[in-house]
Each structure stands twice: as C-alpha cells, then as structure tokens.
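Asks: one predicted model, sequence on top.
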Amino acid sequence: MSLFRNVLCQARQRRFLHDCPINAIQPLRLLLLGSPGSGKGTQSERLQKHFGVLHVSSGDLLRQNIQEKTPIGKQAASYMTKGQLVPDPILISLIDQELNQVATPHWLLDGFPRTLPQAKALDDTLTRMMQPLNIVINLEVPEQVILERIMDRWVHIPSGRVYNLSYNPPQVAGRDDETGEPLSRRPDDCPEVFRVRMQQYKQMVTPLLDYYRDIAITIKGNTSDEIYPKIEREIVNRLGLLPGTGTPMPTVDLSAFSAAAVAKTNASRQRAAMASVEEERIADSSFR
C-alpha cells in the first residue's frame with residue numbers, strides 16, 4: 001500500500017505543489033465565517049475565481065429581493081426599515097429558495113447561518129437536497145487590524161461594493177468604479193460600534209463552531225493575501241479539488257500498480273540491491 005500512496009502523492013505534488021489529500025474527492029460546499037471586516041468578501045471573490053463556486057450571500061440576496069420588491073423582499077424591508085433584525089423564517093425561506101436554484105455542485109455560503117436555529121434549519125434543507133456542508137472556514141484576524149481596515153472603508157450603498165483606501169481604493173477618489181456615484185461611510189464604521197459588533201460576533205460564532213466542529217477550521221492571518229493560500233490548501237487537502245476550474249483532482253491510473261506490477265517492481269529493487277552489495281564486495285576485495 002505504501003507504493004500506491006507514494007506514487008499518488010508524488011504525482012500530485014509534482015504538478016500541484018499541494019500535500020497529498022487523504023479524503024475522497026467531494027464538491028465544495030463551504031460555509032465562510034468571519035467577524036465584520038475580516039475579509040469574507042475578498043476571500044469569496046477569490047474562491048469564485050479559482051474554484052468556480054457560486055457565492056450565496058444572505059446580505060446580497062436581501063438587497064436584491066428588496067430592490068426587486070419580491071414578496072420576501074417586502075417582508076424583509078418591513079423589519080429593516082424599523083432597524084429590526086429579519087426574522088429567521090424569512091431568512092431561511094430566502095436561502096432555501098436560492099439553494100434550490102443552484103445549478104453548480106460548488107457553492108459557498110456567506111452571512112448565513114448566524115444562529116443555531118438557522119444552522120439546524122439549513123441542515124434540514126441540505127439533507128433534503130443531499131448536499132450537506134463539507135467544510136466550514138472561520139477567518140480570524142486581529143481586532144486592531146480589522147479596526148484599521150474599517151476606518152479606511154468606503155461603500156457604494158446601492159450595490160454593496162466595498163472599497164478600502166489601503167489596499168482596494170476606487171479608481172476615482174470618493175466615486176464608485178462602475179457607476180461613478182458617490183461613496184459613503186457606514187454609520188457604524190467607528191471604534192465604539194466596532195467593539196460592540198465584535199463582542200456580538202464572538203457570542204454568535206462560538207456555538208456555531210461547536211456545532212460544526214467535525215468540519216470546521218479556523219484560519220488566522222493579518223491580510224487576505226496571507227489567509228487565502230491557507231484556505232486553498234485546506235480545500236485541496238480535505239476535498240481533493242484543485243484551483244482553476246472547480247474540477248476534481250485528476251486520478252492516477254492505478255491499473256499500472258497491480259499486484260503483478262508491484263511484485264515486478266519489488267523484484268527489480270531486490271536485484272538492484274543485490275548488485276549494489278556485490279559491487280561493494282568487489283570494491284572491498286580490491287583494497288585487501
């Protein structure tokens with residue numbers, strides 16, 4: 001068995017420079033967790049680009065449905081305009097509706113679930129679809145780093161596009177790249193509100209990480225560039241998926257490694273070892 005595994009690992013590492021995965025190939029069904037300002041949006045864009053995943057964002061779905069004045073959008077707007085949280089049944093219905101229309105096996109969830117009841121309702125939906133989550137990634141970035149990001153953040157409110165003066169500035173200062181409309185600061189982008197939101201996030205994420213403990217991993221780093229390669233490595237090693245097209249890691253034809261082939265290889269190695277011993281014996285005798 002060691003020969004099978006060594007050949008498989010060497011073939012994959014030589015081409016893909018990743019650790020040899022130990023699990024069966026699986027579609028990417030990812031839940032991305034992270035505190036406000038941790039870079040979930042940036043990581044989602046990279047995962048879309050490199051793995052071909054569909055990004056399902058509860059925030060984007062809410063904005064879209066409110067803008068299109070769908071029945072769910074109208075219900076959600078009635079709460080949001082009052083500064084209230086959208087109730088679980090509405091959010092669950094929104095996500096269920098979106099997941100039932102997904103036409104790709106590879107997707108990631110962002111912003112949902114936030115509570116244990118939501119997580120359990122999501123499990124029910126995914127069980128019916130026979131598409132359970134298979135990896136949960138929690139982004140952990142130092143609070144001071146996040147605060148600095150937030151203070152440099154500007155937003156195009158109608159679309160939700162986010163810019164950062166430090167690493168993703170708009171092409172024209174104060175203007176959205178696509179529409180040219182003015183950018184705004186979020187009212188809650190201040191140190192006081194940030195600390196409250198961080199505390200709320202910690203209270204929210206702790207039970208979720210415990211609930212998903214069998215498939216969850218926390219990835220730490222200061223920047224998105226530092227964190228993304230770690231995310232990619234986890235996906236490749238745990239699921240066997242390669243960055244590029246969202247396609248499975250190619251399999252090695254193991255027919256070449258049948259019992260007969262293994263026996264032949266071992267015999268060849270034995271003959272080589274015996275020849276080496278004979279060469280050493282002759283060399284030793286020449287010095288006597």
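Replies: Here it is on my side, so go on.
Asks: quick one: the helices in the stretch 101-250 of the chain, in order.
Replies: If DSSP state H, counting those that start in this stretch is used as the criterion, the helices of the stretch 101-250 of the chain fall at 116-129, 143-151, 191-211, 224-239.
Asks: who does the nearest residue to residue 38 once chain neighbours are set aside bridge with?
Replies: In space, and not counting its chain neighbours, residue 38 is closest to residue 139: 4.3 Å by C-beta to C-beta, 6 or more residues apart in numbering. (C-beta placed from N, C-alpha, C; glycine too.) Beta-bridge partners of residue 139, counted by DSSP bridges, are residue 34, residue 219.
Asks: adding mean neighbour count, write the helices of the stretch 101-250 of the chain out as JSON lines.
Replies: Below are the helices of the stretch 101-250 of the chain laid out as JSON lines (neighbours: other C-beta atoms under 10 Å):
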{"stretch": "helix 116-129", "mean neighbour count": "15"}
{"stretch": "helix 143-151", "mean neighbour count": "16"}
{"stretch": "helix 191-211", "mean neighbour count": "13"}
{"stretch": "helix 224-239", "mean neighbour count": "18"}
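Asks: of all those, which one is nearest residue 182?
Replies: Among the helices of the stretch 101-250 of the chain, the nearest to residue 182 by C-beta to C-beta is helix 143-151 (18.8 Å).
Asks: packing partners for the closest one?
Replies: helix 191-211 (3 or more C-beta pairs under 8 Å, 6 or more residues apart in numbering; DSSP states H and E).
Asks: packing partners for the helix it packs on?
Replies: By 3+ C-beta pairs under 8 Å, 6+ apart, helix 191-211 packs against strand 29-34, helix 116-129, strand 135-140, helix 143-151.
Asks: off-centre distance for it?
Replies: Taking C-alpha atoms, centre = their mean, to the nearest Å, one finds helix 191-211 lying 20 Å from the centre of the chain it belongs to.
Asks: now do that helix: everything it contacts.
Replies: 33, 35-37, 113-116, 119, 136, 138, 143, 146-147, 150-151, 188, 216, 218 (C-beta atoms under 8 Å, 6 or more residues apart in numbering).
Asks: hmm, residue 50 is touching residue 241, no?
Replies: No: when contacts are counted by C-beta atoms under 8 Å, residue 50 is not listed as touching residue 241 (9.8 Å).
Asks: of the two, who's got more company?
Replies: Taking other C-beta atoms under 10 Å, residue 50 and residue 241 do not tie; residue 241 has more neighbours (25 against 18).
Asks: what do residue 50 and residue 241 both touch?
Replies: Going by C-beta under 8 Å, 6+ apart, no residue sits against residue 50 while also sitting against residue 241.
Asks: ok, which stretches of the chain are strands?
Replies: Remark: strands assigned in the chain by DSSP state E are 29-34, 54-57, 107-110, 135-140, 153-156, 161-164, 216-220.
Asks: ok, of those, where does mean pLDDT dip lowest?
Replies: Lowest mean pLDDT of those: strand 161-164, a mean of 87.
Asks: which elements pack onto that strand?
Replies: If you count contacts as 3+ C-beta pairs under 8 Å, 6+ apart, strand 161-164 packs onto strand 153-156.
Asks: so, low pLDDT: which residues of this protein?
Replies: Across the chain, the ranges flagged by pLDDT under 70 are 1-24, 245-288.
Asks: domain ranges for it, per the record?
Replies: According to the TED database, the chain is divided into the following domains: 29-241, 254-283.
Asks: now, of these, which is deepest in the fold?
Replies: By mean neighbour count, with neighbours taken as mean count of other C-beta atoms under 10 Å, domain 29-241 ranks first of these at a mean of 16.
Asks: and that one, end to end?
Replies: Counting by C-alpha to C-alpha, to the nearest Å, you get 11 Å between the two ends of domain 29-241.
Asks: so what's the gap between that domain and the chain middle?
Replies: Relative to its chain's centre, domain 29-241 lies at 11 Å (C-alpha atoms, centre = their mean).
Asks: same deal with stretch 226-243?
Replies: For stretch 226-243, the distance to the chain centre is 8 Å (C-alpha atoms, centre = their mean).
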